[in-house]
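# need coordinates for the below:
(chains A, B, C and D)
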Number of protein chains: 2
Amino acid sequence: MSVDAAQTEDLIKEKAKLLFFQKGFLNATTQEIADEAGVNRALIHYYFRSREHMLDLLLQETIQEKRIRVRAILSSSAPFHVKIANYINALVDLGLKYPYLENFIIHETARNPERAKELCSRDRVKTSDLLRPELEQEIAAGRLAPISAEHFMINLSALTNYPLLAKGILQTIHGMSDTAYRKFLAERKRIIYRTIFGQDMPDDISLE
Amino acid sequence: MSVDAAQTEDLIKEKAKLLFFQKGFLNATTQEIADEAGVNRALIHYYFRSREHMLDLLLQETIQEKRIRVRAILSSSAPFHVKIANYINALVDLGLKYPYLENFIIHETARNPERAKELCSRDRVKTSDLLRPELEQEIAAGRLAPISAEHFMINLSALTNYPLLAKGILQTIHGMSDTAYRKFLAERKRIIYRTIFGQDMPDDISLE
DNA sequence: TTTGCGTTTGACAATTTTGTTAAACAAAGC
DNA sequence: GCTTTGTTTAACAAAATTGTCAAACGCAAA
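Next up is the predicted model:
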């Protein structure tokens, strides 16, 4: 065995995720991935058979990682408002890690509609179903303006994901450095909460 | 001159826009575009020099088209609430025409950061600047919760654009047909208004 | 030291994709 | 009819990209 041994496979995956999900190079070639990882291109085929196969694996893994964190938050026993605040917090933080993940999914599912079913079909239905009982309770109690669980979830996803998707454009338009952008996103957590609930996020909810 | 004459150039542009902006084939090849338009592939180079050059042209044109409509709405003399309602309406309708335009821009600017500056640098700064005076007036008058012009604009963009970007995923998740999706978007216009302003859209604002 | 085994590499083949070009074509004007 | 002009086509060349393979390599056990 060589010095790196099993670490190489992880290195390649890590660098590929960086290219696809962080830098937004949706068309990164196997050569570019190999260069980024500093390895020979043939290794990518040795470990992952083909480019497509690797893409599938990366998507599966990354979405699964996200899914687990989201589920943990939404199925906790915390009050509704706290749950949502935590959800916003987690989505923004995950988005900072992989800003282009959503864009990648959108792109891949447009090219390959069957993949959409494999990847996210079961996932997000459950997410809006998961929230519906509590949501309706909040609405009935007058603590939230009437809205369907679907629109509520999409509002949440939109408000958190869009600024991440459009990272490059937003930075260009508003002349933000990388640190300015991070600060902007931190601000946004409270803005999103306020937009969703129409009132300020309580101070006792800890963000990061 | 042949029968079609100058119509061919427009036909190619139209079909290319369909592939890129409607179907979301961000990697459509010159051959695929030619097939879609039913012409010989060499014609694409005859009219547009290169694929990259054509992409630039399509982006410029389509963004300009959008920009003109948005500007007309936002610089009208209508009251603030009406203006925003019209803005939401126009963005959703434009989005129905070109669901993947934003996705395409995001993708292209990620690959080619210089392009971001050419395309949208001047545009949207003005958009948020355009609204700021009235926005601050509304906030001062207590008709709107305090928010910066930038976050306000991004909220609007996010809530309208995201459901369009994620069209394929949303249809898969919620099992929506194309007509169901259109109906969903029509509903969404009022949802977005309510989410932004915290109250229902007045009935006297006409949304075709 | 030598053998074995998983890892890494460079070279190769096949395919795809872009861009060029010379020739064919069609219509309008002479 | 013939020429001119702009359009369209098929064939070709060049580059990029993916995937395969045999050989080289490095470490560990015999």
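
# CA atoms for contacts and neighbours, from now on please.
OK.

# how far away is A:K13 from DNA strand C?
12 Å (CA to the nearest atom of the strand, to the nearest Å).

# mind checking the SS state of that residue?
At A:K13 the chain is in helix, as set by DSSP: H, G, I helix; E, B strand; the rest coil.

# give me the domain ranges for chain A.
For chain A, the structural domains run A:1-49, A:55-197, going by automatic domain parsing.

# can I get these in TSV including mean pLDDT and mean neighbour count?
Shown next, in TSV, are these (pLDDT from 0 to 100; neighbours: other CA atoms under 10 Å in any protein chain shown):
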stretch	mean pLDDT	mean neighbour count
domain A:1-49	91	16
domain A:55-197	89	18
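
# what strand or helix carries A:H45?
According to DSSP states H and E, A:H45 maps onto helix A:41-48.

# can you tell me what sits against that helix?
A:E9, A:I12, A:T30, A:Q31, A:I33, A:A34, A:D35, A:S50, A:R51, A:M54 (CA atoms under 8 Å, 6 or more residues apart in numbering or on different chains).

# so which of these is the closest to chain B?
Using CA to the nearest CA, A:I33 comes nearest to chain B of the contacts of helix A:41-48, at 14.7 Å.

# wait, what's in contact with that closest one?
A:I12, A:K15, A:A16, A:L19, A:R41 are the contacts of A:I33 under CA under 8 Å, 6+ apart.

# give me phi/psi at it?
The phi and psi torsions at A:I33 (degrees, to the nearest 10) take the values phi -60, psi -50.

# what ranges do the strands span in chain A?
Counting by DSSP state E, one finds no strands in chain A.

# what residues does it put near chain B?
Neighbours of chain B within chain A, by CA under 8 Å from any CA of the partner chain: A:23-26, A:103, A:106-107, A:109-111, A:113, A:116-117, A:120-122, A:124-125, A:145, A:147, A:151, A:154-155, A:158-159, A:161-163, A:165-166, A:168-169, A:172-174, A:188, A:191, A:195-196, A:198.

# ok, the helix holding A:H45 near DNA strand C or not?
Yes: counting by CA under 7 Å from any atom of the strand, contacts between helix A:41-48 and DNA strand C involve A:R41, A:A42, A:L43, A:Y46.

# how about those residues, which pair is most distant?
Maximum pairwise distance among these (CA to CA): 9.1 Å, between A:R41 and A:Y46.

# how close does A:R49 get to DNA strand C?
Separation of A:R49 from DNA strand C (CA to the nearest atom of the strand) stands at 12 Å.

# whoops, A:R67 was the one
A:R67 is 29 Å from DNA strand C, by CA to the nearest atom of the strand.

# how about A:L26?
15 Å.

# also A:A140?
For A:A140 relative to DNA strand C (CA to the nearest atom of the strand), the value is 54 Å.

# OK, contacts around whatever residue of chain A ends up closest to DNA strand C?
Nearest residue of chain A to DNA strand C, counting by CA to the nearest atom of the strand: A:N40, 3.7 Å away. Counting by CA under 8 Å, 6+ apart, A:N40 makes contact with A:A34.

# could you find the closest non-adjacent residue to A:R69?
A:A90 (7.7 Å; CA to CA, 6 or more residues apart in numbering or on different chains).

# ok, the one you found touching A:V70?
Yes: assessed by CA atoms under 8 Å, A:A90 is found in contact with A:V70 at 7.4 Å.

# can you tell me which of the contacts of helix A:41-48 are in helices?
Among these, DSSP state H puts A:E9, A:I12, A:T30, A:Q31, A:I33, A:A34, A:D35, A:R51, A:M54 in helices.

# once you drop chain neighbours, what's closest to the first one?
So the one you mean is A:E9. A:Y47 (6.6 Å).

# against B:P79, how distant is the closest residue to A:D200 other than its chain neighbours?
Sequence neighbours aside, A:R194 is the residue nearest to A:D200 in space, at 5.1 Å (criterion: CA to CA, 6+ apart). Relative to B:P79, A:R194 is positioned 24 Å away (CA to CA, to the nearest Å).

# also A:I173?
Applying CA to CA to A:I173 and B:P79 gives a distance of 27 Å.

# show me the contacts for A:T127.
Residues counted as contacts of A:T127 (CA under 8 Å, 6+ apart) are A:R71.

# then the one 3 residues further on?
Under the criterion of CA under 8 Å, 6+ apart, the contact list for A:L130 reads A:L74, A:S75.
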